[in-house]
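**Q** structure for this input, please:
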Amino acid sequence: MRVLLSTYGSRGDVEPVVALGVQLQALGVEAVVCAPPDEEFAELLAGAGVPLVPVGQSARALTKSAPPPSSIPERAAELIASQFAVLPAAAQGCDALVATGMIPTVAGALSIAEKLGIRSVSVTFQQLTLPSPHHRPLAYAGRSFPPDVTDNQALWDLDAESNNVLFGEALNGNRASIGLPPVPNVRDYVVGDRPWLASDPVLDPWLEPADLDVVQTGAWILPDERPLPDDLEDFLGAGGPPVFVGFGSMPLHAATDAARVAIEAVRAQGRRVIIRRGWADLGLIDDQDDCFAVGEINQQQLFTRVAAVVHHGGAGTTTTATRAGTPQVVVPQAADQPYWAGRVADLGIGVAHDGPIPTVESLSVALETALTPETGARATTVAASVRTDGAAVAARYLVELINGTSDDRRALASDWRS
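**A** Have a look, this model is predicted:
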């Protein structure tokens, strides 16, 4: 049995797919990942023993270039074309294709599966891209929703229109080139009738609407067994638990000031700081010994050793911090990050910062709340309810679907009960 796992985006789009690949291999399935050619992704896949087929341009370069909203259709066309160029060969001999990441690349991947006549599954790592009467869709840059439209169904209709305008021409042009009919509704084509939601039910509870059958597997977590570096261990042992600050794959164009603000806010709480460089290239602002800078690191282990985590609100980082039982301050930058900030606040496990640009005062106030014993106790309680086997559940379910032994969610429900 062979499965192609297709993704395009930041580390938060790639690492969960690697986790699924590892679990599929444990079941004897040959798993191959199509992902951006970034060196960090290649190293991640090599370390997990999952083959990589590079597709498209560097995701980091695309993110840091910050193209204007007017160029979205052009950029999307390039990404879609890369899917049609690479995936047909990669998917040969596959029994299924699992697609996640950016909507235009998912649409391209699903089209290749359609052409080859193989089973496909569409996956999202948060529910905001799934039409529902219970929440509004995310707006694309340059295509904000009219302020007088508040009905969620009307907003989802506008979302479908935006997807068609931005991605429809490029997708259907490529589909025509391989003999496929046009897709009238790009968003609905990507979502399908039974999308998978690979997020934790406590952090991201799905409220079932009647017209969409969502399969929530739990978050796909890749276990990280790497030890922390010796110099970081020395820093951790030299004083009380520090506060971790990192913004993952967000470029943060005011990165120098962001580092200063974060470090000064943490110092105002009498705490030491660990700052992660990330795609924003954050760094130290002076040579005082209360700060330590890290690059790629085992966050699963590190987050259990710190007093609080200040981050951007990516799905993966939010899940990791929640699982660690560590209070959070979420400074959301874009896309789904305000949603995750809200979930952290609603659960009482941290603070949602108001807006993407913190000041020393605003971040210090947020940290003051996050560092209270009450928030810490709540974070510990919620951590005990976070599932860690979502990737294994998804792998077993996918194998049963391929084998034809399960065409509903009874097997999945059994996994959740076990």
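**Q** residue ranges of the strands in the stretch 1-150 of the chain, please?
**A** Listed in chain order, the strands found in the stretch 1-150 of the chain under DSSP state E, counting those that start in this stretch are 2-6, 30-35, 52-54, 96-99, 119-124.
**Q** buried set for the lengthiest helix in the chain?
**A** When every helix of the chain is counted residue by residue (DSSP state H), the longest turns out to be helix 72-90. Applying a neighbour-count criterion of 16 or more other C-beta atoms under 10 Å, one finds 72-73, 75-77, 79-84, 86-87, 90 buried in helix 72-90. No exception for glycine: its C-beta is placed from N, CA and C like everyone else's.
**Q** before we move on, the earlier item: output the strands of the stretch 1-150 of the chain as CSV; include the columns distance to Ala280.
**A** Formatted as CSV, the strands of the stretch 1-150 of the chain follow (distance: least, C-beta to C-beta, whole Å):
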stretch, distance to Ala280
strand 2-6, 27
strand 30-35, 21
strand 52-54, 24
strand 96-99, 28
strand 119-124, 25
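**Q** nearest to Pro373, out of those strands?
**A** Nearest of the strands of the stretch 1-150 of the chain to Pro373, taken as C-beta to C-beta: strand 119-124 at 35.8 Å.
**Q** same for the helix or strand following the closest one, what does it pack against?
**A** Past strand 119-124, further along toward the C-terminus, the next helix or strand under DSSP states H and E is helix 152-163. Where contact means 3 or more C-beta pairs under 8 Å, 6 or more residues apart in numbering; DSSP states H and E, helix 152-163 is packed against helix 186-191.
**Q** how far is the helix it packs on from where the chain is centred?
**A** Per C-alpha atoms, centre = their mean, to the nearest Å, the displacement of helix 186-191 from the mean C-alpha position of its chain is 19 Å.
**Q** got it, and stretch 215-234?
**A** Put simply, stretch 215-234 sits 15 Å off its chain's centre (C-alpha atoms, centre = their mean).
**Q** start the count at 603, not 1, going forward
**A** Noted, 603 is the first residue going forward, which turns the last one into stretch 817-836.
**Q** CA atoms only for it, dumped as PDB, please.
**A** Listed next in PDB are the C-alpha coordinates belonging to stretch 817-836 (Å, rounded to 0.1, in the frame of the first residue of the first chain):
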ATOM      1  CA  VAL A 817     -14.100  13.700  10.600                       C
ATOM      2  CA  GLN A 818     -12.100  15.100  13.500                       C
ATOM      3  CA  THR A 819      -9.100  12.900  14.100                       C
ATOM      4  CA  GLY A 820      -7.200  14.900  16.800                       C
ATOM      5  CA  ALA A 821      -4.000  16.900  16.200                       C
ATOM      6  CA  TRP A 822      -1.200  15.200  14.300                       C
ATOM      7  CA  ILE A 823       1.700  15.400  16.600                       C
ATOM      8  CA  LEU A 824       5.200  14.300  15.700                       C
ATOM      9  CA  PRO A 825       7.000  13.100  18.800                       C
ATOM     10  CA  ASP A 826      10.300  14.900  19.300                       C
ATOM     11  CA  GLU A 827      12.900  12.900  21.200                       C
ATOM     12  CA  ARG A 828      15.900  15.300  20.700                       C
ATOM     13  CA  PRO A 829      17.700  16.400  23.900                       C
ATOM     14  CA  LEU A 830      18.000  20.100  24.600                       C
ATOM     15  CA  PRO A 831      21.500  21.500  23.900                       C
ATOM     16  CA  ASP A 832      23.900  21.500  26.800                       C
ATOM     17  CA  ASP A 833      24.300  25.300  26.800                       C
ATOM     18  CA  LEU A 834      20.500  25.700  27.000                       C
ATOM     19  CA  GLU A 835      20.400  23.100  29.800                       C
ATOM     20  CA  ASP A 836      23.000  25.200  31.600                       C
END
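**Q** buried ones in it?
**A** Of the residues in stretch 817-836, those with enough neighbours to count as buried (16+ other C-beta under 10 Å) are 817-824, 830, 834.
**Q** tell me how the chain divides into domains.
**A** Described in terms of automatic domain parsing, the domain architecture of the chain consists of the residue ranges 604-823+990-1019, 832-985.
**Q** can I get those in CSV with mean pLDDT?
**A** Shown next, in CSV, are the domains of the chain (pLDDT from 0 to 100):
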stretch, mean pLDDT
domain 604-823+990-1019, 92
domain 832-985, 92
